[in-house]
Structures are given as structure tokens and as C-alpha cells.
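Enquirer: With the sequence up front, the predicted model follows.
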Amino acid sequence: MRHPSPLFELKQVSCRFNQVAALSQISLRIYPGERIALVGPSGAGKSTLLSLLNGTLAPSQGQVWVMGQNLAQARATSRRRVQRQIGMVYQQHHLIRNLAVIHNVNAGHLGYWPLWKAAWSLVWPLQVDQAAAALAQVGIADKLYARTDRLSGGQQQRVALARVLVQNPAVILADEPIASVDPERSRDIMDLLRHLSDTTGKTLVISLHEVDFARSHCDRVIGLREGKLRFDCPVSAASDSLFRDLYALSGEPQAVELR
């Protein structure tokens, strides 16, 4: 059986900020339908890798191919077409807090709407049914017209997920989406991300510090440390010792919860 073409392919990619190497000689492929956890200590290069995948950052060296396009050589229109297929979920949500929830959800259309339509929707919300359906899918259907800043942190993260749903991308990239919520809400959000991936077939790439969630909610794990790829394997092959070595500090194991 023929293997599908990769959604993403990094070929010997390095990324530097001044004299600091954020990523060094990374090569990997990500295929449709995968659920991938990016793990590693702070400063390992996880956020940089996600920025390369969504095209907001260019590599210092090597090639980044996304959906068959070499982003460095793609025309602006082709780049935008590719980026519309990539949804981002951020730790800090990136919501406009003094607007109603529907306006933040409708921001998922901005890659498709002309400027006049986006401006008119702020006066008279458009595609209300689609926004309501997305909010229902993430479990907060009753918050359609609530002010965003009156929601809890977990509810705001769900608004951010609903925004991605109306965008309807092929892949969801999530950068530490549970870092700013309590443990119970963390599990809710991780369950929701896995459910969305299962039910829609969307590829999921999520950066995490929580090893247990990487194991329980993903099928492949990529370990980064000091900008280098330390391992890339199925979750079933990722042993406790592999994670402990990844998080080791100056030769001594760092506290990593493993169950």
C-alpha cells in the first residue's frame, strides 16, 4: 500500500536567532491524520518548530515543505493558500477580550473573507449558525454572545478551538495549549483536541511538557532538546528512561512525572 504524501517535511532545517541556534539540522516528516506530541524542556525549540510548520518563520538553513510547497520559494498567494489549511492554538489564546465570543470565533474566516466583509461582521455578525455549531462542538454553545473577557481561562481556550474549527484547516498546531489552565481543565482540553482529531481526521501537532498527556492522547512523540532532535518514535516505544534522559539537567534527572 502506498504511503500518503507528507503534509510537512523538514529537510536538514536549522534556525538561528543572532548567534543562538534554536533548531539544528532537523529532518522529519508528518503525515495526514497523525497525532504528534512535541516534548522537551523549555527552550528546546518546540515553539520554533511550530512556527516553521505554519510558515510564520523561515529557516536559516534547509527546506520546509508544507502540503507539497517549498514555502521559501512559494508565491505569496500560494503561501496564503497553504496557511489557510493550518490552524493555530496558542497558550495565550490570542483573543480580543472586549468583543463578544462570536466575533472571536468568526476570526477563523479572516483568511477567506475580504476586508469589507470582516468589518461588516463586527457590526452585524455573519455566519452565526456556523459559529454556534463550532461552539457547540467544543461544549460552550451558550456563550455565543457573551463577552470574551467574562469567560474562564478554560472557556477562552475553547473559543480559540472553535475559531480553528470554523477555519476548517487540514491540520491543527497547538503550542502549549494547557500551560495556563488548571489540571482538570487541562484534561478537558486534551480530550477535546483528541476528539476533534478522531472525528474530523485532522492532523494534530501539539507541544507539551506533560509526558502523561503525550502518552495518552498522541500516537507519535518527537523529543527535542537544545534545538536537536533526540528521538522520534511511536508513543508505545517511548520508555520512561527515554523521557528522563530528555529532561535530564546537567547529567542529573529532572523531576518528570511518569505513570
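Expert: That came through fine.
Enquirer: how many other residues sit next to residue 138?
Expert: 24 (other Cβ atoms under 10 Å). For the C-beta atoms, the positions are set from N, CA and C on the backbone; glycine is no exception.
Enquirer: How about it, nearest residue that isn't a chain neighbour?
Expert: residue 158 (4.2 Å; Cβ to Cβ, 6 or more residues apart in numbering).
Enquirer: Let me know whether that neighbour touches residue 141 as I believe.
Expert: No - contact criterion Cβ atoms under 8 Å: residue 158 and residue 141 do not qualify, at 10.5 Å.
Enquirer: list the residues that contact both of these two?
Expert: The contact sets of residue 158 and residue 141 overlap at residue 135 (Cβ atoms under 8 Å, 6 or more residues apart in numbering).
Enquirer: Who has more neighbours out of those two?
Expert: More crowded of residue 158 and residue 141, by other Cβ under 10 Å: residue 158, with 25 against 13.
Enquirer: quick one: contacts for the more buried one?
Expert: 135, 138, 139, 140, 189, 192.
Enquirer: residues of whichever helix or strand the first one is part of that come out buried?
Expert: The reference is to residue 135. Using DSSP states H and E, residue 135 sits in helix 128-137. Buried residues in helix 128-137, counted by 16 or more other Cβ atoms under 10 Å: 130, 131, 132, 134, 135, 137.
Enquirer: got the contact list for the first one?
Expert: Meaning residue 130. residue 166.
Enquirer: In terms of pLDDT, where does it sit?
Expert: Note on residue 130: pLDDT of 90.
Enquirer: go on, residue 146?
Expert: Residue 146 is assigned a predicted lDDT (pLDDT) of 93.
Enquirer: Can you tell me the closest non-neighbouring residue to it?
Expert: residue 101 (5.3 Å).
Enquirer: again with residue 6
Expert: Spatial nearest neighbour of residue 6, excluding adjacent residues (Cβ to Cβ, 6+ apart): residue 29 at 4.1 Å.
Enquirer: mind listing the helices for the chain?
Expert: 46-53, 76-83, 101-106, 115-123, 128-137, 153-167, 183-200, 211-217, 240-246 (DSSP state H).
Enquirer: For the third one, the averaged confidence score.
Expert: Meaning helix 101-106. 90.
Enquirer: Could you list every helix and strand in contact with it?
Expert: With contacts taken as 3 or more Cβ pairs under 8 Å, 6 or more residues apart in numbering; DSSP states H and E, helix 101-106 sits against helix 115-123, helix 128-137, helix 153-167.
Enquirer: Stretch 112-131: end-to-end distance?
Expert: End-to-end distance for stretch 112-131: 15 Å, by Cα to Cα, to the nearest Å.
Enquirer: Domain map for this structure?
Expert: In terms of domains, the chain is parsed into 1-85+171-190+198-259, 93-168 (source: automatic domain parsing).
Enquirer: Low-confidence stretches in the stretch 1-150 of the chain?
Expert: The model of the stretch 1-150 of the chain has pLDDT under 70 over residues 1-3.
Enquirer: if we go to 50?
Expert: 1 (pLDDT under 50).
Enquirer: Do a quick rundown of the strands in it.
Expert: Secondary structure of the stretch 1-150 of the chain by DSSP state E, counting those that start in this stretch: the strands cover 8-17, 20-30, 35-39, 61-66, 69-70, 86-90.
Enquirer: Alright, that wraps it up for me.
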